[in-house]
Structure formats: C-alpha cells, structure tokens
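**Q** coords please:
(one chain, ligands or ions: 1)
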Amino acid sequence: MDSHRGSRSAVIVGAGVAGLTAAIALARTGWRVEIAEAASDRSTAGWGLCLTGPSLRALDELGLAEACLAAGYGMSAITHVDVEGMAADQVELPRLIGAQRPAMVGIARPELHRILHAEAERCGAVIHHGMTVTAVEQAADRVDVRLSDGTERRVALLVGADGIRSSVRDLLGLRTSIDYLGQMVWRALVPRPAWATGIHQFAGKVDTAGLVPISEGRAYVFLTENGVSPSVVPAAELAQRLAELLTVFPGRVAQLRPLVSASDSVVRRPVQTALLTGAWHRGHGVVIGDAAHAPAPQMASGAALAIEDGLVLARELARHATVGAGLAAFVDRRVARCRALVQTSVTIAALEQEQRHNEAYPLVDAGHRQLAELA
Ligand SMILES: Cc1cc2nc3c(=O)[nH]c(=O)nc-3n(C[C@H](O)[C@H](O)[C@H](O)COP(=O)(O)OP(=O)(O)OC[C@H]3O[C@@H](n4cnc5c(N)ncnc54)[C@H](O)[C@@H]3O)c2cc1C
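**A** As a prediction, the model looks like this:
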C-alpha cells in the first residue's frame with residue numbers, strides 16, 4: 001500500500017469543478033492531494049456555463065476570478081422576455097466582487113477546467129486520469145482507498161467529488177435518489193449576436209429558451225423542453241430538432257434559429273436533481289458538489305455550490321483538530337444553503353412547466369439574493 005503518512009493526505013475522486021477547487025484549497029492549507037478522475041484525459045466535454053456572483057466570489061478568494069473573466073464574458077443582467085417577445089423584466093444581479101467588476105461570467109466549460117487544472121497542479125495536486133475508486137475501508141484515524149489500477153492509498157481524507165452519480169457516495173453507504181424533473185435541456189454553441197451583452201431568457205408557450213454569452217465571439221443557446229420523457233435524439237438530428245423547437249418563439253429567437261441550424265455543437269440532457277437528506281460524511285470520507293446536492297440548472301448556481309464546498313471544506317478542516325470534527329463542521333455549514341438552492345430550483349422547474357413564468361421570476365431573483373449572502 002502506498003501509505004501517505006501523516007494526517008494531511010487526501011484522495012479526491014473526480015476532477016470536476018468541486019474536485020479541482022477542493023484540491024486547490026486543500027493543497028494551499030498544507031494537504032497532500034491526489035485526484036482520481038474517470039475520464040481518460042482532461043479534454044472536458046461541455047458547452048458553457050454561467051458563473052454567478054457566489055461562484056465569482058469563491059473563485060476570487062482562490063485568486064482565479066480574473067482569469068475566468070478574461071477567458072469568458074462578464075455581464076450583470078438577466079432579461080426575461082415574455083411569450084409575445086417583449087421584455088417583461090430585467091434582473092440586475094448583485095456584484096459580489098466589487099462594483100467595478102461584473103456580477104457574473106459566462107464561460108466555456110473547457111476554459112474553466114483549464115484554469116482550475118492548471119492551478120491545482122501548480123499547488124502540487126497530482127491528477128490521475130482514467131482512474132476511479134473501487135473499494136473503501138474505514139479505520140478510526142484513516143481511510144484505505146483502493147484505486148482501479150490496483151494500487152491503494154492510506155489517507156486521512158477521502159473526498160467524493162464525482163458528480164450526481166457518485167460512486168463514492170455508494171461506497172460510503174450514503175443513499176439518495178436521483179429525480180428526473182420531466183424536462184430535457186438543450187444547448188447549442190453559436191456565434192454571439194451583438195445584442196447579447198447579458199443573459200436573455202425567453203418564455204415560450206410550452207418551452208423556455210435563452211442565450212448566454214461565453215466570450216466576445218461565442219454564446220450558447222439553451223432550451224428547456226417541458227413535459228417529456230427522457231429519450232435519445234440521434235446526434236445528426238440534434239441541430240435541426242432544436243431549431244424546430246425554437247420556431248414557436250417570436251422576436252429575437254428568430255435570429256437564433258439559423259445559428260442553431262448551423263451549429264455543430266448541440267447537446268440534449270435530462271434535468272435531474274439529487275439531494276442527500278441524511279449525512280454527507282462517514283468516518284474520514286465525505287461527498288461534495290453534485291454528489292451531495294445537484295440542483296436543476298434553472299438557478300445557474302450548481303457550480304457555485306461546488307466551488308464553495310471546496311473552500312469551506314479546507315477552511316473547516318484547518319480550524320478543527322481532527323478530520324471528523326472538521327467534516328462535521330463543514331456539513332453543518334453547508335446543508336441549509338445547498339438544500340435551499342436545490343428546492344428552489346425544483347420549484348422553478350415546476351413553475352416553468354406550468355407556464356407560470358411571472359411567479360418564477362421573483363423566485364429566481366430572491367434565490368440569487370439569498371445566495372449572495374456569505375457561504
Ligand atoms: C445542463 C446543465 C447546465 C448547467 N448550467 C450551470 C450554470 O450555468 N451555472 C452553474 O453554476 N451550474 C450549472 N450547472 C450545474 C453544474 O454543472 C454542476 O453543479 C457542477 O458541474 C457540479 O460540479 P461537480 O464537480 O460536483 O460535478 P461534475 O461537474 O459532474 O464533475 C464530476 C467529475 O467526476 C468524474 N467522475 C464521475 N464518476 C467518477 C468516478 N466513479 N471515478 C472518478 N471520477 C468520476 C467526472 O468525470 C467529472 O469530471 C448545470 C448543470 C447542467 C446539467
């Protein structure tokens with residue numbers, strides 16, 4: 001067994017947003033960190049995401065907000081457009097990293113991961129690709145972790161940051177259900193139209209569409225398809241099918257349709273949530289990010305919670321004499337905030353499906369203001 005002796009060695013499973021930020025925060029507070037990531041290389045699939053204020057605030061604490069703003073598209077407002085194509089509401093989000101800097105940033109997922117990977121490695125974290133965890137054995141003062149290459153690690157901390165279908169959650173015996181909310185979400189990378197200087201969300205008679213800039217030159221179109229069973233659309237048909245679903249939207253969406261038809265980057269995924277209602281930790285193992293609390297994407301804040309988790313985990317472990325006490329304090333600080341976001345996102349998804357957009361907008365606004373409070 002490769003015994004990483006000493007009380008400050010950790011294995012993190014998953015090199016997503018949660019795993020990489022936890023690695024950075026732990027390594028900076030003196031932990032020796034190894035990450036086991038299932039993907040065979042670091043080329044991240046994925047289109048774009050919006051990092052709202054709490055994400056930027058947490059990234060700023062890690063000294064990474066400027067890099068994300070430089071790689072993405074900074075903005076501060078969400079414009080809600082009604083079914084007639086008229087602007088119904090504009091929400092200015094709180095600027096949590098200073099009045100002179102934007103409230104949020106749209107960024108391509110591979111760009112965000114490039115920044116986080118580079119910083120994790122600069123801090124000394126070792127990242128193994130094509131690797132997972134196969135067995136976990138707890139002892140009073142450590143956890144033994146078997147990896148898929150047959151090697152083992154004896155460490156003080158195991159962090160499951162392996163997403164909504166977390167294996168670590170299962171290995172630790174923590175149970176949750178994964179719920180499908182009756183929506184499929186589409187995303188297509190398109191050139192950024194000049195008018196798209198913030199997020200636009202378009203209410204439809206059945207579905208909801210939107211546009212998020214992710215750089216000077218690019219944006220992604222999203223569409224939430226309501227009341228459908230999870231099904232697979234052949235890759236060759238994705239762009240055309242999405243363009244067809246957009247035909248019922250008036251106004252600016254009409255300008256987006258030809259861009260979507262021409263896009264070679266279109267995906268369609270189920271909207272799912274998961275929330276651990278019991279413990280998040282057992283012995284020296286803990287789950288963070290989507291493995292513990294996966295919201296629906298409507299509040300664009302799942303990554304914020306994942307990044308905050310990494311920061312708060314490292315902070316609480318540094319403040320407590322034992323790993324057990326640090327983990328208990330971490331979970332105590334995170335549960336209410338993460339539960340509230342998951343529940344709000346589920347409510348918004350339900351209101352969207354009933355076309356009760358005017359009730360959803362104030363909830364989105366209130367939810368962002370609640371998240372603006374410190375983690
Ligand atoms: C369609 C969609 C749009 C979204 N948009 C936004 C948005 O705009 N803003 C926002 O803040 N959030 C958004 N989210 C939510 C956000 O993407 C997640 O909350 C965030 O990615 C969670 O990070 P994570 O690191 O916990 O999990 P993940 O990003 O899922 O990362 C998990 C990592 O673990 C790896 N892994 C999985 N299983 C194993 C295993 N057994 N062994 C080793 N490695 C493993 C995976 O390969 C992956 O690298 C969106 C989510 C969806 C589905």
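
**Q** how about the residues of the stretch 101-250 of the chain that lie near the ligand?
**A** 132, 161-163, 167, 185 (Cβ under 6 Å from any ligand atom). C-beta: built from backbone N, CA, C; applies to glycine.

**Q** give me the subset of those residues lying in strands.
**A** Here DSSP state E is the test, and these give Val185 as lying in strands.

**Q** from the stretch 101-250 of the chain, which residue is nearest to the ligand?
**A** Here the residue of the stretch 101-250 of the chain nearest the ligand is Gly163; by Cβ to the nearest ligand atom that distance is 2.9 Å.

**Q** correct me, but that residue touches Gly16?
**A** Yes - Gly163 is within contact range of Gly16, at 6.1 Å (criterion: Cβ atoms under 8 Å).

**Q** find the residues that touch each one of the two.
**A** Residues touching both Gly163 and Gly16 (Cβ atoms under 8 Å, 6 or more residues apart in numbering): 289-290.

**Q** report the central residue of the protein.
**A** Residue closest to the average C-alpha location in the chain (Cα atoms, centre = their mean): Ala303, at 2.8 Å.

**Q** A strand includes that residue, no?
**A** No - using DSSP: H, G, I helix; E, B strand; the rest coil, the assignment for Ala303 is helix, not a strand.

**Q** re earlier: pLDDT score assigned to the residue of the stretch 101-250 of the chain closest to the ligand?
**A** Here, the pLDDT recorded for Gly163 equals 98.

**Q** torsion angles phi and psi at it?
**A** Dihedral angles of Gly163 (phi, psi; degrees, to the nearest 10) stand at phi 80, psi -180.

**Q** just give me the neighbour total for it.
**A** Neighbour count of Gly163, defined by other Cβ atoms under 10 Å: 23.

**Q** now do the same contact list for it.
**A** Contacts of Gly163 (Cβ under 8 Å, 6+ apart): 14, 16, 289-291, 294.

**Q** point out where the chain drops to low pLDDT.
**A** Within the chain, the stretches with pLDDT under 70 are 1-6, 45.

**Q** and the longest helix for it?
**A** Counting residues, the longest helix found in the chain (DSSP state H) is helix 323-353.

**Q** need the next SSE after that helix, C-terminal direction.
**A** helix 357-372 (DSSP states H and E).

**Q** what residues sit buried inside that next one?
**A** Within helix 357-372, the residues scored as buried using 16 or more other Cβ atoms under 10 Å are 357, 360-361, 363-365, 367-368, 371-372.

**Q** counting by contacts, list what it packs against.
**A** helix 53-61, strand 77-81, strand 87-92, helix 323-353 (3 or more Cβ pairs under 8 Å, 6 or more residues apart in numbering; DSSP states H and E).

**Q** any residue of that helix touching the ligand?
**A** No - using Cβ under 6 Å from any ligand atom, helix 357-372 stays clear of the ligand, with a minimum separation of 10.2 Å.

**Q** what ranges do the helices span in the chain?
**A** Along the chain, the segments classed as helices by DSSP H run 17-28, 53-61, 65-71, 109-122, 167-171, 238-245, 253-261, 302-319, 323-353, 357-372.
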